[in-house]
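Engineer: Below: sequence and its predicted model.
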Amino acid sequence: REYAQRKLTTKAYPLVLNNVKFKLILIMFSLIGRQEMYREDYHYAA
């Protein structure tokens, strides 16, 4: 939600929805590749 709100300040709504969808797909395939479960408290190194 924070990501989408930040993007909505400069981008159009349909474009933001597509960006969020793509980000979720990347996370999903990354988790599948590492064979891990999603953790909401996980912090990215980058």
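Structural biologist: That came through fine.
Engineer: Show me where the protein has its helices.
Structural biologist: Counting by DSSP state H, residue ranges of the helices within the chain are 2-8, 13-34.
Engineer: average pLDDT across the shortest one?
Structural biologist: By that I understand helix 2-8. For helix 2-8, mean pLDDT is 92.
Engineer: chain center to that helix: distance?
Structural biologist: Centre-to-centre, helix 2-8 and its host chain are 11 Å apart (Cα atoms, centre = their mean, to the nearest Å).
Engineer: quick one: Lys11 from Ile27, how far?
Structural biologist: Remark: distance between Lys11 and Ile27 (Cβ to Cβ, to the nearest Å) = 20 Å. C-beta here means a position set from N, CA and C on the backbone, and glycine is covered the same way.
Engineer: nearest spatial neighbour of the residue nearest to the spatial centre of the chain, skipping sequence neighbours?
Structural biologist: When Cα atoms, centre = their mean is applied to the chain, the residue found nearest the centroid is Lys23 (3.5 Å). Of all residues not flanking Lys23 in the chain, Tyr3 sits nearest, at 6.9 Å (Cβ to Cβ, 6 or more residues apart in numbering).
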